[in-house]
Structure formats: C-alpha cells, structure tokens
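[1] Test case, fold it:
(one chain, ligands or ions: 3)
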Amino acid sequence: MTANQQRIEQHIESLSRFTATPGKGVTRLTYSEEDLQARNYIKEKMMNYGLRVTEDGFGNIFGKLEGTLPDAPSVIVGSHFDSVPNGGAYDGTAGVVVGLEVAALFKENNMKPAYPLEIIALVEEEGSRFGGGLMGSRGMMGLLTEEDFKKLADRDGILAVDAMADIWVNPANGKKRDPKTMKAFLELHIEQGPILEEKGIQIGVVETIVGLTQLEVTVQGKAGHAGTTPMDRRSDALVSASQIIAALPRLATDEGEGTVITTGRLNVFPNGANVIPDKVVFTVDIRSGKEEHVLNVVRKLEAFIAQQNCHGINTSTEQQLYIAPKELDADIRSLLKEASDKLEIPYCSINSGAGHDAMVFSDFTACGMVFIPSKDGLSHCPEEWSDASHLADGTDIIYETVKRLTEAKRL
Ligand code: GLV
Ligand code: MN
Ligand code: MN
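    Ligands and ions are numbered 1, 2, ... in the order given. Below is the predicted model of the structure:
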C-alpha cells in the first residue's frame, strides 16, 4: 500500500481548523489553545497508528515505533506544528502529516523496523511567539539553556513556562536528547518559493539551507506632546527607526548573490496618535546561502545603526538567532533520489531559502529534506497551498527511504 492521498488531505484540513484567526489563515502560536487542539489531534493519530507517544519538556511530541534491535538509534520523520500569524495550512503541518502517514503505512503494511521509527511534531519553529525561531529543535539538542528558556516571554510578558502549564505540558519532562539516540532526520516541507512550480517538477531534494540571523533592534528616544514640541527639539524614536529600516534593503542588494533582509515586526511605544514615540523595537532577518554575506551585512548594519546615536536617540541591537548555512547529508540525499527513481517520480535538486529544524539537527545527525511545490510560490500567508498528490508522492519517497534506513521487514 502506498500513501493515502485522501487521508493526507483530511489531516491537513482538520489541522487547519485549529487557528486563532478562522477565515484569515492559520494562526497557531506555541502553547496556545490552538496548539493544544492540534497537539491532541496529532497525539491521537499517533496512538491510532500504534506509536508510543511522549512529550519532552518543551512540548515537542514524539510517537515511537520500537525496532527489533536493542538500544538502536531512531530514524525520525516530522516537522513543526506552530505557524506564523495569519499563515497557511501547510508550512510545518505538511511535514507532520507526512510523518503520520509514514506511520500509518508502517502499520497497514505490517512493517517491522530494526531501528526504531519516530514521528516528531516540533514547537515554535517560527519564533512567532517567543522570538528567534527553531526553539523546539534547539532546545532538544541542548542549544537553549534551562536558564534562557525560563526567561523566554512573549510580547505580552507571558513566560513560556507559564503558557506551557496552561496547556498541560510538563516542563519537568526530559529536555535534552542524546544525539546518539538519533540515526537520521527526514523532513518534508513545502518549497515556499516558485522554483518547483515553474519547472513543473513535483519533488525537490534539498542540498543546502540558507544561513540566517535574526536581530532585535531597540531605538530609544524621548516621549513628548505631538502638538507642543517644536520639530527641532524632538528625539522621535519612530522617525529614527524608519530611517534605519528604509536603508536596510540597500545593504542586501549591495551584498548581492541573493542576500535578503526583512523587517517583519515593529512595535511602537507608547503607540498613541498624539504622542511622540519614545521607543521602537523592530526585527531584522538577514539570509544568504553564503555565511560571509550574512556576517558582512550584520557588521554594516551594526555600524549604520550606531551612527544614529545622536540628538537624544540611543540604539541597541540584540542577536536572537544565528545559524550558518547547512549542507544536508549526501548519503540521505542519494537515498531520497534513489527512492524517487524507483517510484518513477521526477525530482530535481534545490536549495532552501527558508530556515528549518533540519538545519539544527544536521549538526548532530544525518538529515534530509524533500520539498514539494507551493502554488504561486506563496507561503507565510493564508493563500499558501500545495497539491495533496504531491504530498502523497513526497510521502512515498520518504516511506521508501525510511524503510531502508530502519531496515524494516514485512511481518
Ligand atoms: C521559517 O519559516 C523561516 O524560514 O523563518
Ligand atoms: Mn515558516
Ligand atoms: Mn516551516
């Protein structure tokens, strides 16, 4: 039996309903009510497919099918189940659903693995609630200290540990995963760009993932009355922030080679129409396939921002995430291509411009990623859409590869 397209569609459709913004895309922030609903759905399906379900101290979900070899490392399949605000139904979710479908195929086909199979659903990949991103995978691999985790708060000041307690996730559960318990990690993801659709090819085998950094910039000025403060006596934090933001695209285009820079979040304080803003906090996301470009842009950005420190304006910059470009495992790439050949599914090699948990795991275990086309290249918006037949093709390729990596046999 091969992937069941209808079942895949149903999982995507069911999970898309767990959103805080019905009719306006998927908004599923980590440790929210919608997280709990999706979490319960994923755990229930994992159990139906015969997996033993656990959660770690970050709320990452694991469904395990034991192997016949004692103490053998797991072959892990999955992705994240949080979303950006007003995002789509596929980013992350598609990879979790493919994991569930692989587990369903193991059960239906009576496959018994020698190495354990684990399906994983990760929290807070997007960083939409607690900033930075890749939190579930970084935490799991010990790259987020207990101390730093305890300090994490959302923009309303709610601590991650308190939000977790509200949805019954136990922070006392084990947090750090021993890399020795991981044999490989496979993730299907939507491409989130236009390349596969333009080529008319339904599968991309990912070679490298871009390097990226996220900075939070704070511009501190002085509040005052909008009507009575003369223009030459102002320290307007929003005017300074706007000048900085307007200059950013040039830093990326001067660097070239596909370097990109984005300010996606901006908070103005106190945010009153007749008050001169005294503080602005905004994010800067910088990406490039070459690490030197990311580092050059960060250096130029910091120098430029420091130049704005005059007329009562003070700026500061905090780096919330830095991750170098990553090449995915050559052997796994070959296995994925062999599986595509065997199944006669056309594929091409592709690079990822988006960040993924696989880039964290790739320092610890062999990682592979499969992309499927995104309609009109759109993602991180409600219009995000991918064809369920492509999801089924991707599942079949991952299923074949997992059977080989787990050395599974039919009972
Ligand atoms: C995740 O979607 C990212 O690329 O930031
Ligand atoms: Mn995303
Ligand atoms: Mn994603």
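[2] Can you verify my assumption that residue 264 contacts residue 248?
    No - assessed by Cβ atoms under 8 Å, residue 264 is found out of contact with residue 248, at 11.6 Å. C-beta: built from backbone N, CA, C; applies to glycine.
[3] quick one, which of the two is more surrounded?
    Each of residue 264 and residue 248 has its neighbours counted (other Cβ atoms under 10 Å); residue 248 has more, 20 against 12.
[4] who touches the more buried one in this structure?
    Shown in contact with residue 248 (Cβ atoms under 8 Å, 6 or more residues apart in numbering): 261, 263, 284, 301.
[5] and it, how far is that from residue 133?
    With distances taken as Cβ to Cβ, to the nearest Å, residue 248 is found 19 Å from residue 133.
[6] With residue 36 instead?
    Distance check for residue 36 against residue 133: by Cβ to Cβ, it reads 21 Å.
[7] for residue 178, same thing?
    Plainly put, residue 178 is 24 Å away from residue 133 if you go by Cβ to Cβ.
[8] So for the two, which sits in the more crowded spot?
    residue 133 (25 against 11).
[9] And the more buried one, which helix or strand is it part of?
    Counting by DSSP states H and E, there is no helix or strand that carries residue 133.
[10] and it, what are its phi and psi?
    In terms of degrees, to the nearest 10, the main-chain angles of residue 133 are phi 100, psi 170.
[11] Same question for residue 198.
    Dihedral angles for residue 198 - degrees, to the nearest 10 - are phi -60, psi -40.
[12] cool, the one 4 residues further on as well?
    Residue 202 has phi and psi values of phi -90, psi -10 when expressed as degrees, to the nearest 10.
[13] going forward can the numbers begin at 834, since that is how I track them
    Fine by me, first position is 834 from now on; the one you just mentioned is residue 1035.
[14] The spatially closest residue to it that is not a sequence neighbour: neighbour count?
    In space, and not counting its chain neighbours, residue 1035 is closest to residue 1223: 4.5 Å by Cβ to Cβ, 6 or more residues apart in numbering. Per other Cβ under 10 Å, the neighbour tally for residue 1223 reads 23.
[15] Residue 1223: what secondary structure?
    Three-state assignment for residue 1223 (DSSP: H, G, I helix; E, B strand; the rest coil): helix.
[16] Could you show which parts of the protein are in contact with ligand 3?
    Within the chain, the positions near ligand 3 by Cβ under 5 Å from the ion are 924-925.
[17] Give the residue farthest from the middle of the chain.
    The outermost residue of the chain, judged against the average C-alpha position, is residue 1061 (46.6 Å), by Cα atoms, centre = their mean.
[18] Alright, calling it a day.
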